[in-house]
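1. coordinates for the following, if possible.
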Amino acid sequence: MNETKTSQQEATSVLQMKGTCIEFFSAYQEMDIERMLNLCTPESIVYFEPLDQAGTGLVHELGKNIWTALMDCFPDLDNTVTSLEWIEAQHAVKCRVSIFGTQRKDFAGIPAHGLRFDSEHIFIFKFDDLSHVTELRVLWDHDKFVQQLTPTVL
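-> Residues are numbered from 1 along each chain as shown. The predicted structure follows:
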């Protein structure tokens with residue numbers, strides 16, 4: 001009986017964690033940074049992997065700053081979640097997400113040319129016991145992102 005109850009609790013917990021991920025991307029679509037941040041603990045860490053050390057910091061500081069800049073520079077920024085996967089060994093949820101938008105302002109040293117990007121991202125969320133995000137890793141092909149926003153010279 002206890003084993004069955006534990007399995008049900010774990011399944012519920014996994015569903016809750018996946019639900020938090022979906023809520024995060026829903027808030028992202030609505031450009032509601034406060035809602036995104038409220039899903040994370042105050043001390044949660046974000047790792048924007050392609051940016052190395054410059055991409056590591058607190059979600060409520062670095063994450064907020066990067067997402068705010070993205071939303072400002074790409075006013076039609078949007079995303080589509082293509083998969084969610086429970087990674088039991090890491091006690092984490094891995095999300096594949098297509099993120100896309102049209103650049104209207106200079107962003108991170110990339111001049112605005114009105115070009116559009118469409119980039120697959122991988123987000124790996126780790127959680128506390130209450131399904132709040134404690135760690136977030138974000139991976140994408142940064143070179144491809146920059147290339148899509150750079151005009152082709154003939």
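2. which residues are contacting stretch 142-152?
-> Residues from elsewhere that reach stretch 142-152 (Cβ atoms under 8 Å, 6 or more residues apart in numbering): 50-51, 103, 107, 110, 113, 115-119. Glycine gets a C-beta too; all of them are placed from N, C-alpha and C.
3. from those residues, which land in strands?
-> Judged by DSSP state E, the subset of these located in strands is 116-119.
4. any idea how far the residue sitting nearest the centre point of the chain is from residue 140?
-> Using Cα atoms, centre = their mean, the residue of the chain that lies closest to the mean C-alpha position is residue 123, 5.1 Å off. Using Cβ to Cβ, to the nearest Å, we find residue 123 at a distance of 10 Å from residue 140.
5. equivalent analysis for residue 46, please.
-> Separation of residue 46 from residue 140 (Cβ to Cβ) stands at 13 Å.
6. show me the strands in this structure, by range?
-> Per DSSP E, the chain carries strands over the ranges 40-48, 56-58, 78-87, 92-102, 116-127, 133-140.
7. CA atoms only for stretch 115-127, dumped as CSV, please.
-> Provided in CSV are the C-alpha atoms of stretch 115-127 (Å, rounded to 0.1, in the frame of the first residue of the first chain):
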residue,chain,number,x,y,z
LEU,A,115,15.1,40.0,-39.3
ARG,A,116,13.4,37.1,-37.7
PHE,A,117,14.9,34.2,-35.8
ASP,A,118,13.4,30.8,-35.0
SER,A,119,15.6,28.7,-32.7
GLU,A,120,15.1,25.4,-30.9
HIS,A,121,16.0,25.8,-27.2
ILE,A,122,16.3,23.2,-24.5
PHE,A,123,15.2,24.2,-21.0
ILE,A,124,16.0,21.9,-18.1
PHE,A,125,14.1,22.7,-14.9
LYS,A,126,14.9,21.4,-11.4
PHE,A,127,12.4,21.9,-8.6
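8. check residue 91 and give its pLDDT.
-> Per-residue pLDDT puts residue 91 at 88.
9. burial count for the residue lying closest to it once chain neighbours are set aside?
-> Excluding the flanking residues, the one nearest residue 91 by Cβ to Cβ, 6 or more residues apart in numbering is residue 126, at 6.5 Å. Residues lying near residue 126 (other Cβ atoms under 10 Å) number 17.
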